[in-house]
Every structure is written in structure tokens, then in C-alpha cells.
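*Asks:* need coordinates for the following:
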Amino acid sequence: MTARIEARFARCRSEGRAALVTYVMAGDPDPETSLEILRALPKAGADILEFGLPFTDPMADGPAIQAAGLRALRKGQTTAGTLELVRRFRAEDADTPVILMGYFNPIYQYGVDRFLAEAKDAGVDGLIVVDLPPEEDAELCLPTLQAGLAFIRLATPTTDDRRLPAVLANTAGFVYYVSITGITGAATPDFGKVETAVARIKGHTNLPVVVGFGVKSGAHAAAIAKGADGVVVGSALVSALEGTLADGAATPETVQTVARLVSELAEGVRSVAKSAA
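*Replies:* Residues are numbered from 1 along each chain as shown. Here you go, the predicted structure:
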């Protein structure tokens, strides 16, 4: 499954640009609208999709993504339901990589072996599990790799050169650099520091390095894209979605609003290649 991720980064490199990675929560604001949004993202310019696994205690997420997870859970979104949404998406899109992002508890409750087998069968390409450090690789990371899926690790501003080799040891697909210290969507990153950090990580790995947390606009995406292999946007999309809801329910504007913001972000990412041409 990692072949889809590798192929997508290769295509972006051939176009002289970074990849746009988008995050939305599975089942938010309801399962069917969530699937519509997932289908709309590649058409709007997203290269790689991160699909959130709803969880009751998302400690690394800010208010927007926490609220999205609770909306999804209230609508009955389950781990099995999330895998089914990926399966339905994959029936129409065989090429766009899909990464499931979340926490270990729902996977553990589902059963690691069962989860990995069903995720692979559904067309998932990799996992980002934010609360499992390298010391816990035997729990999920190594079984994920053995199943043929990518296990994508997070590096942060506090990951120094002594810690970085442990973080990178079993990472596959790409490295996700968290541009700020704190929760998702909390602040705007210092773009100069981000570029320096990405260069440092690249000195330790040949994997693509993507940057997320705090990217809110096309201009932000363009600034990150100058030095990174990919730009991740999540909270801004989830907040845009939330702004269209009526009493927590989808409206005719919901899918269109998220797609418009993705188009703006995609233009920002692609503008770097245009200006360098």
C-alpha cells in the first residue's frame, strides 16, 4: 500500500511542487456528508488524504478537531464505519493515498490484527497514531509495517538530533513534522524555523518531510511548500466545515465550502512551483 504514497510524492516532485495533504474527521458532520467531502478533496487539489478516527479523548487536538470527533461520535461513527467509508471512497478512486490518523485506543479495542487486515482490505495506505512513541513499536508500528501499510511518525520542534534516529527508525511513507509545540490549530508557525527544521530532518532520512499544525491559508501553504515535501492542513478545514452547519447538521454549503478552501490551499502550494519556473 505504501506504493500509492510513493507514487504520489514522485508525481508531485515531477511537477516541481510540494504535496497538499488534507485532514478531515471521519463521520463529521455525518457519515454520508463525510464521504462526499472525502470524494471532493482530490478533485479540489488534495494529493493525500488524512481521515481522522473519532476518539473521545484526543489529547493532541485543539477545539476544532475535538468538536469534529464528538459530532462524528454522536452520529454513530465507529471504527468499522470509518473503514467502510474508506472502502466506498476507494471504489471510485484507486490512486489517492488515504492515511488514517488518530489514537491507539480505538485500534486496540477493535483488535490490532483485525484492524490492520480490514484497513488494508479497505484500501488504507498508512497510519498516523499520535500517542505511540518508538518505545512502543511492537504494539502497532511493527505489525503495521508487516501488514504492508506505512506507519508515519511525528517529529516535533523538541525532537533533537539524539532523539530523531529513534523516531525515524521504523517510519515509512513520509515524516510528519509538527511545526508548533502544542495542540492542532493553536498558532501560526514560524516559517523560517520550519524551513530550518525540515532541512535538519532531511539530513537524517530520504523520506519526504511534510509539515502540519497551524497552516490556515493559501499563503501559509505556499510559505511551508518552499522547504517541505508536503503541507498538511486540518484544523482550518474542520473549522470551515463547522461554520456551515445548522444545529450541527450539514447544509448545502458544507461540501462546497471545504472544497473551496482546499482549492485555495492547492493554489498556494502550486504557486511555489510557478514562481520557481
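
*Asks:* got the buried residues for stretch 25-37?
*Replies:* By neighbour count on 16 or more other CB atoms under 10 Å, the buried set for stretch 25-37 is 25-31, 33-35, 37. The C-beta positions use only the backbone N, C-alpha and C, and glycine is treated the same way.

*Asks:* out of those residues, which are inside strands?
*Replies:* Judged by DSSP state E, strands contain the following of the buried residues of stretch 25-37: Met25.

*Asks:* which members of the buried residues of stretch 25-37 occur in helices, if any?
*Replies:* Among these, the residues falling in helices (DSSP state H) are 31, 33-35, 37.

*Asks:* picking that back up, just give me the closest of the buried residues of stretch 25-37 to Leu73.
*Replies:* Gly27 (7.6 Å; CB to CB).

*Asks:* Asp93 - that's part of a strand, no?
*Replies:* No - looking at Asp93 with DSSP: H, G, I helix; E, B strand; the rest coil, it is coil, so not inside a strand.

*Asks:* nearest spatial neighbour of it, chain-adjacent residues omitted?
*Replies:* Pro42 (6.3 Å; CB to CB, 6 or more residues apart in numbering).

*Asks:* most widely separated two among the ones in helices among the buried residues of stretch 25-37?
*Replies:* So, those by CB to CB: farthest apart are Pro31 and Ile37, at 10.8 Å.

*Asks:* reformat the ones in helices among the buried residues of stretch 25-37 as TSV; add distance to Ala68 and pLDDT.
*Replies:* Formatted as TSV, those follow (distance: CB to CB, whole Å; pLDDT from 0 to 100):
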residue	distance to Ala68	pLDDT
Pro31	13	97
Thr33	12	98
Ser34	10	98
Leu35	15	98
Ile37	11	98
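
*Asks:* dump these into CSV; add distance to Thr144 as well.
*Replies:* Compiled in CSV, these are given as follows (distance: CB to CB, whole Å):
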residue, distance to Thr144
Pro31, 25
Thr33, 29
Ser34, 24
Leu35, 24
Ile37, 26
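
*Asks:* quick one: end-to-end distance for stretch 205-219.
*Replies:* For stretch 205-219, the first-to-last residue distance is 27 Å (CA to CA, to the nearest Å).
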